[in-house]
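Participant: for reference, the sequence and a predicted model appear below.
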Amino acid sequence: MSPVTAVPPRAAQMASLLSDAAALAAETERDDLVGRLTTLAERVKDPTMRVVVVGQFKQGKSALVNALVDAPVCPVDDVVGTAVPTVVSHGETITATLYTELDGVTELQAKAIRPDRLRDHVTEAAKRSDGVRPVRVDVTLPSTVLAGGLVLVDTPGVGGTTSSHAASTLTMLPSADAVLMLSDASQEYTDPELSFLKQAMSLCPTVTCVLSKIDPHPHWRDIAEADRRHLTNAGLDVPLVPVSASLHQQATSMGDAELDVESGIPELVQRLQTDVVERVLDQTAEAVGHQVLSVVDHLSLSLESELQILRDPRQGAKVVKSLQEAQAAANALGQRSAKWQQTLTDGVADFNNDIDYDLRDRLRSVGREAEVLIEDCDPGESWDEIGAWLADSIAQAVGDNFVWAHQRSEHLAAVVADHFAVEGAVDLPQFRLSDTEGVLNPIAGLERIETGELSIPQKVLIGMRSSYGGILMFGVMTSLAGMALINPISIAAGVIIGSYAYKQEAEQRLDRRRSLAKVAVRRLIEEAIFQVSKEARDRLNVARRTLRDHFTDVAANMKRSLNEAIEAAKSGAGATDERSQRIQQLEEREARLRDLVARATALGAVDSRTEKVSS
């Protein structure tokens, strides 16, 4: 398989455009703009493409990662699943680093571990120390597939007895370049899988569905067609690729190219090479073009003010008006600063209330549905099934809440950006909410309740305790007729009364089990609300700080641009000597700005403003 490589022409175009824009900003002594362009240039040089592998428990995620890199890097087990995300990237040597959280310590703690002992750290069977929580494991190894910048992330299963894995996995998706959603060929898509797939697509549009383990299931083609129908009915336009990691491993060891094609792994790698690389390049090109247009907006303010006056110094009234308008714009920016901060403060408050209410409403709805299920069955017999359903429902509710919170963050950013839109193109911040993925503590499972099963001695004891009184009562009554105390009539009456009492006892025990089950469900829901609310507040704080810092920089840059425009206008109004030379210099700079706009637009940036540099 060939390595994933970036497209040199587009990357070179972006690097050249950023370099030219930075040079022009440096000439005007706008170090703040140079810093923004330099940061983006580093992103262009970094070819990293993050692909997150997700799915339910035991669907073959670790085996797929191993097949893609042609190395047994992730532990594979038929029983024990992955519990800690594993990030696999290219490196000259094989290394493994475990990152953990410690109670009372803000920064993650890094520790080198043996790559061949990864099982002892990332699986559910790994030993955990009190106060130490593993966050992820970074693994590097030489790989032609990873050499071009592809990074694979093996994640814990999103189903099971807790919703913590689903929430943690969802936090990785906004920063992912692509998602591989696995489901094995043993059955069609389930409702929880389709729900998680919808959540994933809301956070990362580039999703590929993978039908794994096709080799042990001869009817996998029927399952594939059924899955495609499910995707169509759900309105999801997602490709489905059948694969077999074991067939790929066998084909690689035998050197059988036809068998390797049958495994589906080469097709999946090809999709990663095309879809992921193209999407990353498109996103980067759009960001580069948008940033360059923003820089042109700032630079053209002072250039146009000075050039207009130099070209026609006789228009003194217009000069004065231009200065007054520029000064008024600077003053208005100060007033707008207070407005956007108030908008941000109010938006965050509403955001917090809405997200908290949405979370509580979703989880309490799950609790009410669980209580209805409990009333319709014997929870002692169906407790495991109720627990599994409850875990999936909590995971879906938490996931939907996270997706909505992310969308609300982006909407709030757009609302705040409207305060600056009058000044030209305003870039929006990138939310890296995956930084909070280690905050969510595991939610404990359901408490165990009695099954309601009675042993034979217990059943006999309950029956005899109730029938004893019936035998004595009817025995006394029949003894008045000259019959013995214990006779067939008294025995029959005792059996009837004992059976009735046994049924009453069984109903009471069932009611008690249902009451205990409802209490256990309520406790689990309250614990889920408590744990997830903490994670949601941390997520909100990240969004608030991101917005505050970003728009503070935007306001500072705009104010500086307006102030420099005022100074340039004053300088042009008072200039007499070397006027022609200065005009020529500014016109050359104007032509360079027009060239930057044309090149940025060619990259895919949308120039929604009226072009500031006239042709």
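Facilitator: On my side now, so go ahead.

Participant: now the strands: where do they sit in the protein?
Facilitator: Along the chain, the stretches classed as strands by DSSP state E are 49-55, 86-90, 95-102, 109-112, 132-141, 150-154, 178-184, 207-212, 240-242.

Participant: can I get those strands in TSV with distance to Gln249, mean pLDDT and mean neighbour count?
Facilitator: No exception for glycine: its C-beta is placed from N, CA and C like everyone else's. Output for the strands of the chain, formatted as TSV (distance: least, CB to CB, whole Å; pLDDT from 0 to 100; neighbours: other CB atoms under 10 Å):
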stretch	distance to Gln249	mean pLDDT	mean neighbour count
strand 49-55	17	90	25
strand 86-90	16	92	22
strand 95-102	21	87	18
strand 109-112	28	87	11
strand 132-141	16	86	19
strand 150-154	16	91	24
strand 178-184	16	92	24
strand 207-212	13	93	24
strand 240-242	16	93	18
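
Participant: any chance of TSV for those strands, columns distance to Thr345?
Facilitator: Listed next are these as TSV, based on distance: least, CB to CB, whole Å:
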stretch	distance to Thr345
strand 49-55	33
strand 86-90	36
strand 95-102	30
strand 109-112	35
strand 132-141	32
strand 150-154	35
strand 178-184	34
strand 207-212	36
strand 240-242	46
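
Participant: and Thr171, which of those strands is closest to it?
Facilitator: Nearest to Thr171, of all these, is strand 49-55, at 10.4 Å by CB to CB.

Participant: and the angle from the closest one to strand 207-212?
Facilitator: On the basis of axes from the mean of the first three to the mean of the last three CA atoms, to 10 degrees, strand 49-55 is oriented at 50 degrees to strand 207-212.

Participant: can you spell out which helices and strands pack onto strand 49-55?
Facilitator: Here strand 49-55 is seen to pack against helix 61-69, strand 150-154, helix 164-172, strand 178-184, helix 191-203 when contacts are counted using 3 or more CB pairs under 8 Å, 6 or more residues apart in numbering; DSSP states H and E.

Participant: ok, it: who's next to it in the sheet?
Facilitator: Strands that pair with strand 49-55, judged by DSSP bridges, come out as strand 150-154 (parallel), strand 178-184 (parallel).

Participant: can you list the domains in this protein?
Facilitator: 1-46+582-605, 48-281, 322-448+522-574, 456-516 (automatic domain parsing).

Participant: His298 is nearest to which of those domains?
Facilitator: Nearest of these (CB to CB): domain 322-448+522-574, 4.2 Å.

Participant: quick revisit: reformat the domains of the chain as TSV; add distance to Gly289.
Facilitator: Putting the domains of the chain into TSV (distance: least, CB to CB, whole Å) gives the following:
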stretch	distance to Gly289
domain 1-46+582-605	2
domain 48-281	12
domain 322-448+522-574	10
domain 456-516	62
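
Participant: would a markdown table of the strands paired with strand 49-55 with distance to Arg548 be doable?
Facilitator: Below are these laid out as a markdown table (distance: least, CB to CB, whole Å):
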| stretch | distance to Arg548 |
| --- | --- |
| strand 150-154 | 29 |
| strand 178-184 | 30 |
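
Participant: between those strands, which one is nearest to Asp222?
Facilitator: strand 178-184 (13.9 Å).

Participant: select the longest helix from the protein.
Facilitator: helix 488-574 (DSSP state H).

Participant: residues touching Gln59, list them.
Facilitator: Residues near Gln59 by CB atoms under 8 Å, 6 or more residues apart in numbering: 157, 182-184, 212-213.

Participant: pLDDT below threshold where in the stretch 451-600 of the chain?
Facilitator: The stretch 451-600 of the chain contains residues with pLDDT under 70 at 451-456, 458-472, 474-476, 480, 482, 485, 502, 555, 557-580.

Participant: ignore what I typed, I meant the stretch 101-250 of the chain.
Facilitator: For the stretch 101-250 of the chain (pLDDT under 70), the answer is 103-106, 125-131, 159-167.

Participant: kindly recompute the last result at 80.
Facilitator: 101-108, 123-133, 148, 158-172, 174-175, 205 (pLDDT under 80).

Participant: how about the stretch 301-450 of the chain?
Facilitator: Applying pLDDT under 80 to the stretch 301-450 of the chain flags the ranges 301-341, 388, 391-392, 395-396, 399, 406, 410, 414, 416-450.
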